[in-house]
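J.: Give me the fold of what follows.
(chains A and B)
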Amino acid sequence: MPVLSAYFAALHRDLLLVMRRKTEVLTALFFFVIVTTLLPLGIGPEPDLLRKIAPGAMWIAALLATLLGLQRLFAADYADGTLEQMVLSPEPLSILVAGKITAHWLVCGLPLVLLAPVIGLQFDLPADAIGVLMLTLLIGTPLLSLLGAIGAALTLGARGSALLVSLLVLPLYIPTLIFGAGAVESYIAGLGAMGHFSLLGALLILAAAFAPWATTAALRISLE
Amino acid sequence: MRPLRYDITYMETPALVARDLSCIRGKQTLFQNIDLQLDAGQWLYLQGENGAGKTSLLRILAGLTLPADGEVLWQGTPISEQRSQHYQDLLYIGHHAGLKEDLTLTENLQAQCRMDGLRVSEADIRDALTRMGLAKRQHLPARVLSAGQKRRGLLARALLRPAKLWILDEPFNALDVNAIADVQNLLKAHLAQGGMLVLTSHQTPDLGTDARGFVLNLSGSR
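T.: From the prediction side, this is the model:
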């Protein structure tokens, strides 16, 4: 299918670019690891307190780490004119945008999910709670990439866009943060996390349907 | 051989029509009431001093910018209503480098063509780059190439993509004498096949006498 091949072309291109310039990705991951390592060191060795703040702390670190990669999602392509060529493609722009968002998640979101067990140990989280945390991150991080893409597209070409993206996107991340961290907390409290998971899943489906489309509209305006 | 078939509507209506175009940037009106039409095998050369609106007009014709007034029709239909079809037939090369610095020329062209929904083999890309005199540079990252080589690499897209309408913003920028002659031959061949061409350039292009062309000077329209 030509539409799928355009999607994979955009995905492949962005992953190839990441492989050529690894530092940018590693910065975001390193940031996540450092922030979540500093917290237990700063707060002190009280397992009960650490277990209590673990989900929230890790989710906030994940939000900020995702944000680091967002500014460059479209800005680099905008600067060298390749974004203009994407807009002029006969294939739907939203498909190419979806490919780019997927690449962003694979590079900035998925590694956080995989790092979570290691970080979780620092907070003395029990193994099953770590499992729940990983699952919330697995559903939640694509959501962060999708919502963030809208903000990145809207602030394209604006002065001080790095700051603007944060101001625009962080409030949109609030529901994800609440349900993501809340799922782990209520699981630890023995209340079960199914309700949180359902809501996170619903948010993801909604964002997957609308975010590429909204991002596309924002890109067209930014490029005018 | 494939039988030749002509679409009747295509023959009757001029392929590219612009009606009553005007462009406003900030408080300044760059141009207004521009009408133009272009048929198969014809070219349009935009002249004008810096800031006269040449690039703005090209972007309007490509559908990248909306005109303040007026409309652009491609084969009888406004381009905003048939974006995909218009882009299928369009090759637009702006003044940007348009290449990812970290990728090689081959990878750049491959990614570009695949995102355009085209299937091109590595051999096709090698041939196109060879014709643009870049055979030995095809596996170098774009960042080490000179401005002229990047420009030629970008123009290699023209060989890979069957497009009826070429819109080129300063295609001869940074090119040496030989490369300019090569590109002019490429443009002549495109016109001879019934293609259309809109371009800006600081040097008057020599597009031969076979193809019919127009010159539009934007400086006077203000």
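
J.: For the closest residue to chain B within chain A, the count of nearby residues, please.
T.: Chain B sits closest to A:Gly81 of chain A, with a gap of 2.4 Å, by CB to the nearest CB. In short, each C-beta sits where N, CA and C put it, glycine included. Other residues near A:Gly81 come to 17 when the count uses other CB atoms under 10 Å in any protein chain shown.

J.: list the buried ones in the lowest-mean-pLDDT helix or strand in chain A?
T.: Scoring the helices and strands of chain A by mean pLDDT, DSSP states H and E places helix A:161-169 at the bottom, with a mean of 87. The neighbour-count criterion (16 or more other CB atoms under 10 Å in any protein chain shown) identifies A:Ser161, A:Leu164, A:Val165, A:Ser166, A:Leu168, A:Val169 as the buried residues of helix A:161-169.

J.: thinking again about what came up before, dump the residue contacts of the nearest residue to the residue of chain A closest to chain B once chain neighbours are set aside.
T.: Nearest non-adjacent residue to A:Gly81, counting by CB to CB, 6 or more residues apart in numbering or on different chains: B:His96, 2.4 Å away. The neighbourhood of B:His96, defined by CB atoms under 8 Å, 6 or more residues apart in numbering or on different chains, consists of A:Asp80, A:Gly81, A:Thr82, A:Glu84.

J.: Show the model's pLDDT score for A:Ala75.
T.: According to the predicted model, the pLDDT of A:Ala75 comes to 89.

J.: picking that back up, using PDB, write out every CA atom in the least confident helix or strand of chain A.
T.: C-alpha atoms of helix A:161-169 as PDB (Å, rounded to 0.1, in the frame of the first residue of the first chain):
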ATOM      1  CA  SER A 161       9.900  28.200  20.600                       C
ATOM      2  CA  ALA A 162      11.700  25.900  23.100                       C
ATOM      3  CA  LEU A 163      10.000  27.700  26.000                       C
ATOM      4  CA  LEU A 164       6.700  28.100  24.100                       C
ATOM      5  CA  VAL A 165       6.500  24.300  23.500                       C
ATOM      6  CA  SER A 166       6.800  23.700  27.200                       C
ATOM      7  CA  LEU A 167       4.200  26.200  28.100                       C
ATOM      8  CA  LEU A 168       1.800  24.900  25.500                       C
ATOM      9  CA  VAL A 169       2.300  21.200  25.900                       C
END
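
J.: Which of the helices or strands spans residue 185?
T.: Because you didn't say which chain, this covers chain A. According to DSSP states H and E, A:Glu185 maps onto helix A:174-188.

J.: meant chain B, my bad for not saying
T.: Assessed by DSSP H and E, B:Asn185 sits inside helix B:177-192.

J.: residues making contact with that helix?
T.: B:41-43, B:131-133, B:148, B:151-152, B:155, B:158-159, B:166, B:171-172, B:175, B:197, B:199, B:203, B:205-208, B:210-211.

J.: buried stuff in that helix?
T.: Buried residues in helix B:177-192, counting neighbours by 16+ other CB under 10 Å, are found at B:Ala179, B:Ile180, B:Asp182, B:Val183, B:Gln184, B:Leu186, B:Leu187, B:Lys188, B:His190, B:Leu191.

J.: which SS state does the closest residue to chain A within chain B fall under?
T.: Nearest residue of chain B to chain A, counting by CB to the nearest CB: B:His96, 2.4 Å away. The three-state label given to B:His96 by DSSP: H, G, I helix; E, B strand; the rest coil is coil.

J.: Show the pLDDT at it.
T.: 81.

J.: any chance you could read off phi and psi for it?
T.: phi -70, psi 160 (degrees, to the nearest 10).

J.: ok, now the one 3 residues further on?
T.: Comment: the main-chain dihedrals of B:Leu99 come out as phi -130, psi 150, following degrees, to the nearest 10.

J.: And the one 4 residues further on, by the same measure?
T.: Dihedral angles phi and psi of B:Leu103 (degrees, to the nearest 10) take the values phi -100, psi 160.

J.: related to what we said a few turns ago, going by contacts, tell me the helices and strands next to the following helix or strand past the helix holding B:Asn185.
T.: Downstream of helix B:177-192, the next assigned helix or strand under DSSP H and E is strand B:196-200. Here strand B:196-200 is seen to pack against strand B:42-47, helix B:54-62, strand B:165-169, helix B:177-192 when contacts are counted using 3 or more CB pairs under 8 Å, 6 or more residues apart in numbering or on different chains; DSSP states H and E.

J.: could you redo the last one with a cut-off of 6 Å?
T.: On a contact count with 3 or more CB pairs under 6 Å, 6 or more residues apart in numbering or on different chains; DSSP states H and E, strand B:196-200 meets strand B:42-47, strand B:165-169.

J.: Of the ones you listed, flag the one that's most buried.
T.: Comparing these by mean neighbour count (mean count of other CB atoms under 10 Å in any protein chain shown), strand B:165-169 ranks first with a mean of 23.
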